[in-house]
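No letters, just coordinates:
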Ligand SMILES: [Zn+2]
Ligand SMILES: [Zn+2]
C-alpha cells in the first residue's frame, strides 16, 4: 500500500506542538498555523492535528478527528480490517503440492495449485471472497 496513512495524532490544546510537526507550521500570535497539502489550516482548541506516513500534516475538527482518527475511528477500523484480511489470506496459501497436476483442475486448467487449507482449486472460495468482486 502506497497510499498515505495517518501515523501521528495530536489534539491541539495550547501545549507545545509535537516534534513530528516540525517544519509543518508557523506561529500566528500564539496560535499554530499548520501547513497542509491543501494550504494553511488554523486549528481551534480541541482540533486534531494528523501526521501522515508521507510526511504531510493536516488538521481536523473534533468530531471528524474522533470519528476518523480516534481509537474506534474509520482509520483504525480500516487498519484492523486489512490486518484481518491478511491473516485469513495467510491461512489459505497455495499448497505448493505439484502432485495436484496429476489430478488437475475442473476449470479448464485455470488453476495450477490447490489451497493448502481447503484442498480445492487455489484461489479457493475464501480467497476469492476476500479479494475479488463476487460473481452473480
Ligand atoms: Zn480449478
Ligand atoms: Zn482455502
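Received, thanks. These numbers come from a predicted model, not from an experiment. Ligands and ions are numbered 1, 2, ... in the order given.

hmm, stretch 100-108 touching ligand 1?
Yes - looking at stretch 100-108 against ligand 1 by C-beta under 5 Å from the ion, the contacts come from 105, 107. Every C-beta, even on glycine, is put in place using the N, C-alpha and C of the backbone.

and the end-to-end length of that stretch?
Distance between the boundary residues of stretch 100-108 (C-alpha to C-alpha, to the nearest Å) amounts to 14 Å.

now stretch 16-31
Start-to-end span of stretch 16-31 (C-alpha to C-alpha) is 10 Å.

try stretch 109-128
End-to-end distance for stretch 109-128: 17 Å, by C-alpha to C-alpha.

gap between that stretch and the chain center?
With C-alpha atoms, centre = their mean, to the nearest Å as the basis, stretch 109-128 stands 26 Å off its chain's centre.

domains for the protein, by residue range?
Taking automatic domain parsing as the reference, the chain has its domains at 6-69, 92-136.

Which stretch among these is buried most, on average?
domain 6-69 (a mean of 15; mean count of other C-beta atoms under 10 Å).

Give the rounded mean pLDDT of that domain.
The average pLDDT for domain 6-69 rounds to 96.

which residues does residue 31 form a beta bridge with?
Here residue 31 sits in beta bridges with residue 28, going by DSSP bridges.

Helix, strand, or coil at the residue nearest the centre of the chain?
Averaging the C-alpha coordinates of the chain gives a centre point, and the residue nearest to it by C-alpha atoms, centre = their mean is residue 79 (4.5 Å). With DSSP: H, G, I helix; E, B strand; the rest coil as the basis, the three-state label of residue 79 is helix.

which residues sit in contact with the nearest residue to residue 60 once chain neighbours are set aside?
Once flanking residues are discounted, residue 60 sits nearest to residue 48: 4.5 Å by C-beta to C-beta, 6 or more residues apart in numbering. Contacts were defined as C-beta atoms under 8 Å, 6 or more residues apart in numbering; by that measure residue 48 touches 9, 10, 11, 12, 59, 60, 61, 62, 64, 65, 66, 69.
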